[in-house]
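Chemist: Mind folding the following:
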Amino acid sequence: MKNSIITVMKKEFTRFFTDRRMVMTTLIMPGLMIYLLYSFLGSGLSSQFETAQDYTARVSVEHLPDSIRAMEDQGMPVSFTEISASETEQALEAIKNSEEGCDLVAVFPEDFDAQVAEYDVSDNTAAPAVKLFYNSTQKDSQSAYTMMREILDTYESALANRFDINPGEETYDMATEEDMSAQVFSMMVPMLLMIFLFSGCMAVAPESIAGEKERGTIATLLVTPIKRSHLAIGKIISLSVIAILSGLSSFLGTMLSLPKLMGGDESVNASVYGIGDYILTLLIILSTVLVIITLVSIISAFAKNVKEATGWVTPVMIISMLLGVTSMVESLCMTEPVWFLIPLYNSVQSMNGIFSMEPDLVNIGVTVVANVVFAGLGAFVLAKMFDNEKIMFSK
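Modeler: Purely as a prediction, here's the structure:
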């Protein structure tokens, strides 16, 4: 048994690793492309919403009150330019057309300070209104609007400052770096891993089985004195190794680019996890790939060619992606061991627990055992399919 399984594995490894294009597209390109894509995406998003450190908001103001002008003298990064009522329309048109020179137009009541001083809530009269006109599609204009809102909020708070909220520079957010990392990784990594692992399986399994049926080389394998069960096990193990390498390539590219994708957030750090967490994750990945490869192999054995196999496998991949999303929805994250008998879902929830830094060893054990059992049953089904000439030699 051992020699025949190893023979099948050697054949699959030779077929794969001697094909430079397949190695490049399956092992190297996924991780490289994901790293470049996510890095550029993160840098692009950051530059879209960040403003320069020396940025000064250019605000054109109609009826600029003395109380607001004082904010400029206090070192706020804002430059006020007084305009008349007749110039307001021209300034609004400039903002609408994204012209240089003005980021925001503020219109105050003519006697704003007096109205504020005389305003009484108990009078049931309308409060003095300030109008801020900006262009949300322009970064500088959006920043000027946010800055002006902060100035006005500060001024409004100062009018009746009876108490302060979170004063000084003390840290009030009690979330640790581990908590921040756990939140990000537990939501994103299980889903991404399921996508990457399934993609790796799709890249190799249909070609190995449906491809050999299409080329007619499957007949040569089936007439050799190898038990069908050994053939099925050999293919599943060898394809699983290749799929894991492909998935790890994509996973590595994602992990390296994740800080850039998160806008350079230094609190997102994979170093918060220990060697035990990575060992548990590896066990789940290995058992999950066995299930996926077995499932894709069975579908490929039914298909007549690679194109048909890929078409049949795609809906299954979509389902696995939907299961991956359950890690982001707390109400769909079950903790009872019986739920961890469901293949693929159990893997997502087990990884969610690990990356949340709350691993449940019982559920992880149930997941690994259940996945191995399902893979074994799948190997038995695949062996029976290899024995069926109507399936293996269908045209």
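Chemist: Where do the helices of the stretch 201-350 of the chain begin and end?
Modeler: Using DSSP state H, counting those that start in this stretch, the helices found in the stretch 201-350 of the chain span residues 218-222, 228-261, 275-302, 306-325, 345-355.
Chemist: I'd like to know which of those helices lies nearest to Pro190.
Modeler: With Cβ to Cβ as the criterion, Pro190 lies closest to helix 345-355 of the helices of the stretch 201-350 of the chain, at 4.2 Å. C-beta: built from backbone N, CA, C; applies to glycine.
Chemist: That closest one packs against which elements?
Modeler: helix 177-215, helix 275-302, helix 306-325, helix 361-387 (3 or more Cβ pairs under 8 Å, 6 or more residues apart in numbering; DSSP states H and E).
Chemist: Helix, strand, or coil at Val61?
Modeler: strand (DSSP: H, G, I helix; E, B strand; the rest coil).
Chemist: hmm, back to that, need the helices and strands packed on helix 345-355 in a markdown table with mean pLDDT, can you?
Modeler: Listed next are these as a markdown table, based on pLDDT from 0 to 100:
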| stretch | mean pLDDT |
| --- | --- |
| helix 177-215 | 80 |
| helix 275-302 | 88 |
| helix 306-325 | 88 |
| helix 361-387 | 91 |
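Chemist: Of all the helices of the stretch 201-350 of the chain, which one is nearest Tyr119?
Modeler: Closest among the helices of the stretch 201-350 of the chain, using Cβ to Cβ: helix 228-261, at 47.2 Å.
Chemist: hmm, back to that, single out the most deeply packed of the helices of the stretch 201-350 of the chain.
Modeler: Highest mean neighbour count of the helices of the stretch 201-350 of the chain: helix 345-355, a mean of 26 (counted as mean count of other Cβ atoms under 10 Å).
Chemist: Give me the distance between that one and the centre of its chain.
Modeler: 15 Å (Cα atoms, centre = their mean, to the nearest Å).
Chemist: Stretch 235-248 now?
Modeler: Going by Cα atoms, centre = their mean, where stretch 235-248 is centred and where its chain is centred differ by 23 Å.
Chemist: Not counting that stretch itself, show me its contacts.
Modeler: 5, 8-9, 12-13, 16, 26-27, 30, 193, 196-197, 199-201, 203-205, 208-209, 285-286, 289-290, 292-294, 297, 375, 378-379, 382 (Cβ atoms under 8 Å, 6 or more residues apart in numbering).
Chemist: pull the helix or strand with minimum mean pLDDT from the chain.
Modeler: Using mean pLDDT, DSSP states H and E, the weakest-scoring helix or strand in the chain turns out to be helix 29-49, at a mean of 65.
Chemist: rewinding a little: could you dump the helices and strands packed on helix 345-355 into TSV and include distance to Lys227?
Modeler: Formatted as TSV, the helices and strands packed on helix 345-355 follow (distance: least, Cβ to Cβ, whole Å):
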stretch	distance to Lys227
helix 177-215	17
helix 275-302	16
helix 306-325	24
helix 361-387	8
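Chemist: where in the stretch 51-200 of the chain is pLDDT low?
Modeler: 51-54, 72-75, 121-123, 160-175, 177 (pLDDT under 70).
Chemist: circling back to that earlier point, nearest to Asn135, of the helices of the stretch 201-350 of the chain?
Modeler: Closest approach to Asn135 among those is made by helix 228-261 (27.4 Å; Cβ to Cβ).
Chemist: what's the average pLDDT for the closest one?
Modeler: Helix 228-261 shows a mean pLDDT of 77 in the predicted model.
Chemist: What angle do helix 361-387 and that helix make with each other?
Modeler: Following axes from the mean of the first three to the mean of the last three Cα atoms, to 10 degrees, one obtains 130 degrees for the angle between helix 228-261 and helix 361-387.
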